[in-house]
Each structure stands twice: as C-alpha cells, then as structure tokens.
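Participant: model the structure of this input:
(chains A and B)
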Amino acid sequence: MKTEDNMSKDKYDKIISLAKRRGILNPSFEIYGGVAGFYSYGPLGSIIKRNIENVWRGFYLFREGFIEIDTPTITPYEVLKASGHVDEFTDLTAICDSCGRYFKAEDIEKDGKYICPVCNREIKNLKYTNLMFQTKIGVGDERRAFLRPETAQGIFTEFHNLYRFVREKLPFGVIQIGRGYRNEIAPRQGVIRLREFSMAEAEIFFDPENKKHSRFEQVKDEKIPLFIDDKIEKISVGAAVEKGIIGNEALAYYMLLTYKFLMACGINGDKIRFRQHRKDELAHYARECWDAEIYSDRFGWIECVGIADRTAYDLESHIKHSGADLYAIKRLETPQEIEVEKIEVDMGKLGPLFKEKARVIREKLEKLDPSKFEEEIEVEVDGKKIKIPKDCYRIKRVKEKVSVERFIPHVIEPSYGIDRIFFHVLEHNYMETTKKGEEYRVLKLPYLIAPIKTGVFPLVSDERLCKIARDIHDTLRKNCIESYYDESGSIGRRYARMDEIGTPYCITVDFDTLEDNTVTIRDRDTTEQIRINIEELVSFFKGKESESLYNILNY
RNA sequence: GCGGGUGUGGUCUAGCGGUAUGACGCUGGCUUCCCAAGCCAGUUGCCCGGGUUCGAAUCCCGGCACCCGCACCA
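Facilitator: Residues are numbered from 1 along each chain as shown, chains lettered A, B, ... in the order given. Model prediction:
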C-alpha cells in the first residue's frame, strides 16, 4: 500500500523522468558527473519556458505598457556594494584548524567565541564568504565584480536614462527577464533551488505619496487568496487595501495580476496563496513584501513570486554612492513663492583682489549655506584656505518661485522565479489515467504554454496521405505555428506521444481528405474530433492563440 | 555544510565476486481506415577515480550526483 508521500514522490519521479525523456529538463553537465544547482532546458523545455516568459510579457509589456530592458549579468563591485548585497549577502564562516570543517559562525557562537561543535575547541580562523559568485573584469587592471543576484540593480542603475525615455512621467514600469546567480550552500529540490536561475522582474516607480494604480477601480472587487492566521481567505483587493491588510493599491494590484498570470500559465488557482513576510524575514531593502506561494504535492508551499515595496531604498543608496541624479520631478499645481537667503557676490571687489582665482571663489561662495555664515568665512582653493573680506559679498533675502519638487521615487517590485513557476506548471498539469490497463500520461498545458501546438499525421503511411500531411506541417510552420509531423506507429501511439508533451491538437489526414480536402482535428482533453477544411487550419490556430490572449488580458 | 540512504541502456528493472536480465521506448521493415494493436530486425548500460582479487556492477576507500532529515534560503 502506498502512503500519500509515496504517491507524491512517485508522481514527482514520473514528472522528472518524463521531463528528461522528452527533452524538457535535465541536470546539466551530466557527462562529467553533474553539478548540483544547475539544470538545462531541452528542446521542448526551452519553448515552454519562453512561452511562460511571453505570457508574462503579455501582462507587463503589453497590458501594463511597461518598457523592457536587457542589462549585463556581470555587475561591478560598486553597484552591489551600494545595493547592500556585498554586506547583507555575506556569511561569517568559521573554519576549524583541527578538523578543517566549515561552519556558519553565528550558529556556533558561545559568549562571543566560536566553538567547533566537533572538536570542541575555539576557532580563530574566521572569514567572510559571500553567497554571490565573484569574478573579475579585465586582465591586469582588473576590477572586482559579481554575477548579479537579481536583475533589479540593472534597472536601478539605468534609472535616469529610463526616466527620460518615458518623458519624466510617473508612475512607470521597467521589466527585465534574465538570469540571476546565487551560490547556494545546499541546492536541493531539483529546479526549485538553483545556483543559476531565470527571473522576470518589474520595477515600478511611484510617487511615494501616490501608490495607486489607474485600473484599480476596475478590479477592486476581484478576490485573491490571502494566507492570514494560518488559513487561506479569499478577499477582494479593494477590501484588503481598505482594511489595511495590504499597504497600498499598487501592491494589491500587482498581487492580483500575479494571480491572473499564474493561472494563465496553467497553475491551479486553488494551489496559490499570498503570504506576507514577517518583519524579521524582510529583505534588507523591503518595507512590505508578499510572496505568491504555489503548492507542490512534492515540496509543499513554495515561494515563486515576491511582490515587495522597496521604497526609495535602492535609488537613494545609488544616489549616495554614485553621486548621480536619480531624482524625479514633480510639478507643483500652484507654484509657491518662498523667501530664501542668498549670497550675492560682488565681483567688482572680488575680481581685483583675487585675480584668476576669483571665479572659483565665487562658485564656492555661492554653494555655501548663508544661514550658517560665521563672522569670518573661508573657502578652500587648491588646498589653501582663503579668508574672504566682508565687503566682497552680502546676504540678501529674495523671493523665489518654486514650481517643481525633487523626490526619490518609490519602487514596487513584483519578482518572478521562472524556473519554480515552470516546475509547478508541469506538476499541476500532469495527469495520469489508464488506457487498456496501461498507464497513460497527459500534460494538460494551456494552449499558449504548450511547446507544440499540433501534431500532423497521415492516418496510415500511404504516400498520398503523407504528402498532404507534410504540406500541412510545412504551411503551419511557415506561419510560426509549432507543429510536429509523425508517420510512425499506430495512430493511437502518435496521439499518446503528443498527449505526453501537452500538444493540445492533432491533425489527421485520412482517405476522406483525398475527396473533400478536409482533415480531422482532435482535441487533447476531450479526444473529440472535428472536420475542417485544410485551408482553414492556419486561421484555426491563429484564432486559438488570440482567443487565449484575449481571455487572459481582458480585465 | 552535518547525519542517513541510493546510483545498472532513453525510462523502469534483474543480477550482489566469474564482464549483465527483462520490459517499455526508440530506429528500420511488414501490417494497419482514428486513440501506446501485431510480427520481424536493429539500437543503447554497470556514476567517476583508486584499492583488494586470477577476476569487481557486486567488497573496501575517495569523489560526484540524487533522495530523506538538520541547518541555510537577500
């Protein structure tokens, strides 16, 4: 008798085995023994992954109207120093001199000393190990660098270019899909915890006073599953914001969008929940964060998406470290007049007195804060302090018109782990039945996600039927519809091969085709067939595609 | 990183000191008018390295990978 656990383990093994057998996913570098934490996507897996990413683009690039960029994965030290990753992503490691074992220092600390739990001796050999992959740029004059732990920093460092690109209007969103790297201590759980992984991130820049979304009104009654007090509660995003469960409209909106996206990929909506991070588990940059967790029969609830309010943390830090102008500007509705003290330099006096240095001195004087002037003021020029006589300047009170306000935008960040979503899409859509006593597998992938949209078969391998089938296959591919031609084995076997990789339709050319130019289209989920004229095939599949897109993006 | 378990064709598996079994798959052929049919032929393997032995898939040591538990998880 099988226990529940055994059942799910069996199912997991079957999915992994199927994935490997059918070119979806397999451990990398296997011919050299493999390396933990690295997986390769095969011919079909690559398409599925790309399809997931493209559905994601449907939501963020098309529906939200965000802009997409593509920045380097190798990132200079300074960037990640500023972002906090150099310091926050570091563990103090203790290495025992007698047994040579490594420990995370804080685990073995006793009264300020580090004691080896094996040898029971004090360890003095301590070093910091960073969980980012380190590398160097250049030869000789090399610069320290890291493989990026998240794509977000590439967006923050481009902020001033992007802000100009959108013609200085907030809010605006920037997306990036790419690889991230984390040198995990113990990668486990297959594709769930990788050392190199794909993520899709959106950084949406807001006026901190106005974290609203223009479409919120439209969707405020739609419900999402919140995990509160150890139970899942479906609550409308509008109510969640009103009751203060979710901090602002923007967060709530992107949680709803995440919910829709995951289901569009074929994730079972009953196996999604949003869980808020406790204060002590928040990342160093986040004020509020909600994870979308997806339930796996194999692994339990797995964090697949993080939707965080990063506030002004990153931009502020990059302003501080780089000196760049990463501010946004807000035009005030009514320009205000304010009185300010200004220093007015008398060049008539200053010029003759300091000659060629006068210009530099004037610039320095004008930068000083008049309210902090002391009796005698000095400026430093070329390392020398120069006293400035009082009659060279005077302090004036002037009225200034202020029509803009500078501020650092806040960032809401939905961040998606593509590989984790990929795995759950496989798990949630893997179905087993029996046909004639034999195990029968169907991957019920949504149309947009399926790597092959249709199989094309001659019913029997009669050359007349084969030719027509090959022509259909060719025509479909000319129209960018992934089709798969197969004339080997019985028709049932060919359907089975397609079902196993989630192909939603199969076209069969039979002897009636010779008479009336029609073929059958067989539906994966119902196995029902309809007859359709060959001429209508391309529009049938194009129709399925736009219908699917319309259904998921029409909100 | 710690402790325990496991590692045989593409997949599942037998063998547990005499160089490998079976099934499925896959390829080709015959057959076949719609859901893994049948027949014939072919195809691919002992995780890696070292040791013990006349001889190692099998025993021992080391490595790697996977699984379970602990720890970790921006």
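Participant: name the spans of the stretch 101-250 of chain A whose pLDDT lies under the cut-off.
Facilitator: Within the stretch 101-250 of chain A, the segments meeting pLDDT under 70 span A:101-113, A:115-121, A:123-128.
Participant: could you rerun that using 80?
Facilitator: Applying pLDDT under 80 to the stretch 101-250 of chain A flags the ranges A:101-130, A:140-141, A:185-186.
Participant: quick one: the helices in it?
Facilitator: Taking DSSP state H, counting those that start in this stretch, the helices of the stretch 101-250 of chain A run over residues A:152-156, A:159-165, A:216-219, A:237-242, A:249-264.
Participant: chain center to the third one: distance?
Facilitator: The chain centroid and the centroid of helix A:216-219 are separated by 24 Å, computed with C-alpha atoms, centre = their mean, to the nearest Å.
Participant: buried sites along it?
Facilitator: A:216, A:219 (16 or more other C-beta atoms under 10 Å). To be clear about C-beta, it is placed using only N, CA and C from the backbone, and glycine gets the same treatment.
Participant: now it - C-alpha only, CSV.
Facilitator: The C-alpha trace of helix A:216-219 is given here as CSV (Å, rounded to 0.1, in the frame of the first residue of the first chain):
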residue,chain,number,x,y,z
PHE,A,216,-7.6,49.6,-9.6
GLU,A,217,-11.2,50.8,-9.6
GLN,A,218,-12.0,48.3,-12.3
VAL,A,219,-10.6,45.3,-10.5
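Participant: from the stretch 251-400 of chain A, which residue is nearest to RNA strand B?
Facilitator: RNA strand B sits closest to A:Ala283 of the stretch 251-400 of chain A, with a gap of 2.2 Å, by C-beta to the nearest atom of the strand.
Participant: which strands and helices sit next to the lengthiest strand in chain A?
Facilitator: Under DSSP state E, the strand in chain A containing the largest number of residues is strand A:328-345. If contacts are counted by 3 or more C-beta pairs under 8 Å, 6 or more residues apart in numbering; DSSP states H and E, strand A:328-345 sits against helix A:358-367, strand A:393-407.
Participant: out of those, point me to the one whose mean pLDDT is lowest.
Facilitator: Per-stretch mean pLDDT for the helices and strands packed on strand A:328-345 is lowest at helix A:358-367 (a mean of 70).
Participant: beyond it, next helix or strand please.
Facilitator: strand A:377-381 (DSSP states H and E).
Participant: just want the angle from that following strand to strand A:328-345.
Facilitator: Here the directions of strand A:377-381 and strand A:328-345 differ by 110 degrees (axes from the mean of the first three to the mean of the last three C-alpha atoms, to 10 degrees).
Participant: packing partners of strand A:377-381?
Facilitator: Checking 3+ C-beta pairs under 8 Å, 6+ apart, strand A:377-381 ends up next to helix A:358-367, strand A:384-388.
Participant: where does A:Asp382 land on pLDDT?
Facilitator: pLDDT recorded at A:Asp382 is 69.
Participant: tell me where the stretch 51-200 of chain A has strands.
Facilitator: Ranges of strands within the stretch 51-200 of chain A are A:67-68, A:74-76, A:90-95, A:102-104, A:109-110, A:113-114, A:126-130, A:134-137, A:143-147, A:172-181, A:196-206, based on DSSP state E, counting those that start in this stretch.
Participant: mean neighbour count, those strands: which tops it?
Facilitator: strand A:196-206 (a mean of 23; mean count of other C-beta atoms under 10 Å).
Participant: whatever residue is furthest in space from the centre of chain A: which element?
Facilitator: Within chain A, the residue lying farthest from the chain centre (C-alpha atoms, centre = their mean) is A:Pro352, at 61.6 Å. Taking DSSP H and E as the definition, one finds A:Pro352 inside helix A:347-354.
Participant: want to try CSV for the helices of the stretch 101-250 of chain A, with distance to RNA strand B as columns?
Facilitator: Below are those laid out as CSV (distance: least, C-beta to the nearest atom of the strand, whole Å):
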stretch, distance to RNA strand B
helix A:152-156, 10
helix A:159-165, 19
helix A:216-219, 26
helix A:237-242, 22
helix A:249-264, 16
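Participant: can I get these in a markdown table with distance to A:Ser539?
Facilitator: Output for those, formatted as a markdown table (distance: least, C-beta to C-beta, whole Å):
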| stretch | distance to A:Ser539 |
| --- | --- |
| helix A:152-156 | 39 |
| helix A:159-165 | 37 |
| helix A:216-219 | 32 |
| helix A:237-242 | 37 |
| helix A:249-264 | 23 |
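Participant: quick one: which of those is nearest A:Thr433?
Facilitator: Nearest to A:Thr433 among these is helix A:249-264; the distance by C-beta to C-beta comes to 23.4 Å.
Participant: give the buried residues for that closest one.
Facilitator: A:249-262, A:264.
Participant: same question, stretch A:546-554
Facilitator: Judged by neighbour count using 16+ other C-beta under 10 Å, the buried positions of stretch A:546-554 are A:548-549, A:552.
Participant: how about CSV for those residues, with distance to A:Ser214 and pLDDT added?
Facilitator: Shown next, in CSV, are the buried residues of stretch A:546-554 (distance: C-beta to C-beta, whole Å; pLDDT from 0 to 100):
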residue, distance to A:Ser214, pLDDT
A:Ser548, 25, 97
A:Leu549, 21, 96
A:Ile552, 20, 95
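Participant: nearest to A:Glu217, of the residues you listed?
Facilitator: A:Glu217 lies nearest to A:Ile552 out of the buried residues of stretch A:546-554, by C-beta to C-beta, at 20.5 Å.
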